[in-house]
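> Just need the structure, nothing else, for what follows:
(one chain, ligands or ions: 1)
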Amino acid sequence: MMLKDKVAVIYGGGGAIGGAVAHAFASEGGKVFVTGRLLAPVEVVAKDIVSAGGSAEAAGVDALDEQAVDKHLQSVIDKAGRVDISFNAVGIPDTKILGVPLIELDVEQFSLPITTYTRSYFLTARLAARHMVPNKSGVIMTVTALHSRTGIPLVGGYGPAMAAKEALTRDLSAELAPQGIRVVGLRPQAMPETRTIKEAFEPRAKAWGMTWEQWQKFLASRTHARRLMTLEEMANMAVFMASDKASGMTGTIVNLSMGSLDD
Ligand SMILES: NC(=O)c1ccc[n+]([C@@H]2O[C@H](COP(=O)([O-])OP(=O)(O)OC[C@H]3O[C@@H](n4cnc5c(N)ncnc54)[C@H](OP(=O)(O)O)[C@@H]3O)[C@@H](O)[C@H]2O)c1
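Next comes the predicted model:
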């Protein structure tokens, strides 16, 4: 068990990535505290984990609300004694941020992903780190996208938001690694089984005169493996990066683009 008795808090745990990571952490022995903006979706995730024999607790936590994150972390410490892993998988609906050319984009719509993603990641990382520093140990993680490193049309402020999260990952690591805390990100290619990707790409496929299936094949053709990554593969990498086996990695983003994006 790679994460035996490690205490993990997951933000955005009701989503595709957060849910998959919660399941994977628990199946490797982690004690998972799965949180989301709304309680109901994270309760489903926690129930499934417990039914499968794992350890999970659900809580409604708005990851943009400093007091809510702080209060929840304190409750985790009270119950489990410490926090070993913080994983921010928060995502805001792409329908609110994609699809408008930059020259026509309203400044509020442009700023929304930048302020939301950076605020949430900063808050969850900073508050977790305050509990990790006394233990001289911990792993802070998040997820970004290829948009951080390559130009893509009609994505508004999403690319700058992802680039900012990657910069913050490096900066957090530069300050926290000397105190035993690793900070790492995962940058997966689109995983077509997720609702987010279907919603983001289906209209674009349509505009190109392609079906959703043709679009997936097109994306897959740009990878070395000629296929797209599964949620399970991404979650397995999250387990490895959260585990002590990855003790040599910090201040970096793991490129999970299957060859479609060079570092
Ligand atoms: N899916 C992919 O293939 C893929 C690939 C690369 C990168 N990414 C990125 O990874 C992130 C997660 O993707 P996903 O597919 O898992 O998205 P998702 O299924 O939409 O999940 C995002 C989760 O974040 C929650 N959330 C939103 N605002 C929150 C807040 N203030 N506090 C707490 N939770 C909040 C959402 O809850 P509500 O529904 O209640 O708002 C939702 O459960 C996104 O940034 C996405 O762009 C995704």
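> Name the residues of the stretch 151-263 of the chain found near the ligand, please.
Residues of the stretch 151-263 of the chain that fall close to the ligand, judged by Cβ under 6 Å from any ligand atom: P188, A190, M191, T194, R195, T196, I197. Quick note: C-beta positions are derived from backbone N, CA and C, even for glycine.
> Tell me which of the residues you listed fall in helices.
The helices, defined by DSSP state H, take in R195, T196, I197 from those.
> Could you rank the residues you listed by neighbour count and give me the top one?
Using other Cβ atoms under 10 Å as the neighbour test, these are led by I197, with 21 neighbours.
> wait, that one sits on P188?
No: taking Cβ atoms under 8 Å as the definition, I197 is not a contact partner of P188, at 10.0 Å.
> As TSV, the ones in helices among the residues of the stretch 151-263 of the chain next to the ligand with pLDDT would be great.
Converted to TSV, these look like this (pLDDT from 0 to 100):
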residue	pLDDT
R195	91
T196	89
I197	88
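> Nearest to the ligand among those residues?
T196 (3.5 Å; Cβ to the nearest ligand atom).
> For the closest one, give its distance to E213.
18 Å (Cβ to Cβ, to the nearest Å).
> Count the residues that sit near the closest residue to the ligand within the stretch 1-150 of the chain.
Across the stretch 1-150 of the chain, no residue is closer to the ligand than G15, which sits at 1.8 Å (Cβ to the nearest ligand atom). Neighbourhood size, G15 [other Cβ under 10 Å]: 23.
> which helices and strands does the helix or strand containing A22 pack with?
Assigned by DSSP states H and E, A22 belongs to helix 16-27. Packing partners of helix 16-27 (3 or more Cβ pairs under 8 Å, 6 or more residues apart in numbering; DSSP states H and E): strand 7-11, strand 31-36, helix 39-51, strand 55-60, strand 85-88, helix 231-242.
> again, 7 Å this time
strand 7-11, strand 31-36, helix 39-51, strand 55-60, helix 231-242 (3 or more Cβ pairs under 7 Å, 6 or more residues apart in numbering; DSSP states H and E).
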